[in-house]
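Chemist: Generate coordinates for the sequence data below:
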Amino acid sequence: MVPGWPGRDNRLLDTPRRRAISAKVFVGNLNFSTTQDELVELLSGAGQIVDIHLPTDRMSGRPRGFAFVEYSSEAEAAASIEKYNGHELGGRALRINEAEERPQRTGPRSFRNDSNGGGGGGYGGPGGKGKGNKSKGSRRGLRGRKRSL
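Modeler: All right, here's what the predicted structure looks like:
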């Protein structure tokens with residue numbers, strides 16, 4: 001274990017791509033009503049905030065309960081983690097730790113999940129009602145195919 005960092009493992013620090021700490025921190029366990037201004041007001045006590053991002057749900061537009069805060073230096077980010085991890089905001093204890101790099105995507109992004117038929121509506125195509133990948137077609141064509149059998 002690394003002294004001063006409870007729960008950290010030395011093996012994580014030995015990888016060549018990983019630095020000791022970055023200037024960006026992850027703030028988790030946020031109350032859904034927490035605003036960006038409230039976060040800036042609280043976390044600016046550790047240093048100068050360069051950027052803050054509060055992701056929202058695509059469908060509902062509501063906050064997702066976490067944020068990314070970027071400080072002007074790695075020392076300020078470390079001070080933020082030490083000072084505010086476990087601090088209560090909006091009735092919830094914040095979890096603040098180093099933000100991890102997002103893994104790079106490989107290949108094109110697919111919106112279709114072939115394992116369970118995808119998620120969408122409709123009769124035949126992706127996300128259908130278990131009818132495979134048949135297209136619905138017209139009723140006249142369907143009746144004609146039945147007669148020819």
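Chemist: show me what contacts residue 48?
Modeler: For residue 48, the contact set (Cβ atoms under 8 Å, 6 or more residues apart in numbering) comprises 71-72, 76. Bear in mind the C-beta positions are built from the backbone N, C-alpha and C, glycine included.
Chemist: Can I have the buried ones of these as a PyMOL selection?
Modeler: Per 16 or more other Cβ atoms under 10 Å, the buried members of the contacts of residue 48 correspond to this PyMOL selection:
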select buried, resi 71+76
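Chemist: Which members of the contacts of residue 48 are positioned in strands?
Modeler: residue 71 (DSSP state E).
Chemist: ok, so of the contacts of residue 48, who is nearest residue 28?
Modeler: For the contacts of residue 48, the residue nearest residue 28 by Cβ to Cβ is residue 71; the value is 16.8 Å.
Chemist: So which of the contacts of residue 48 is the closest to residue 83?
Modeler: Closest approach to residue 83 among the contacts of residue 48 (Cβ to Cβ): residue 76, at 10.1 Å.
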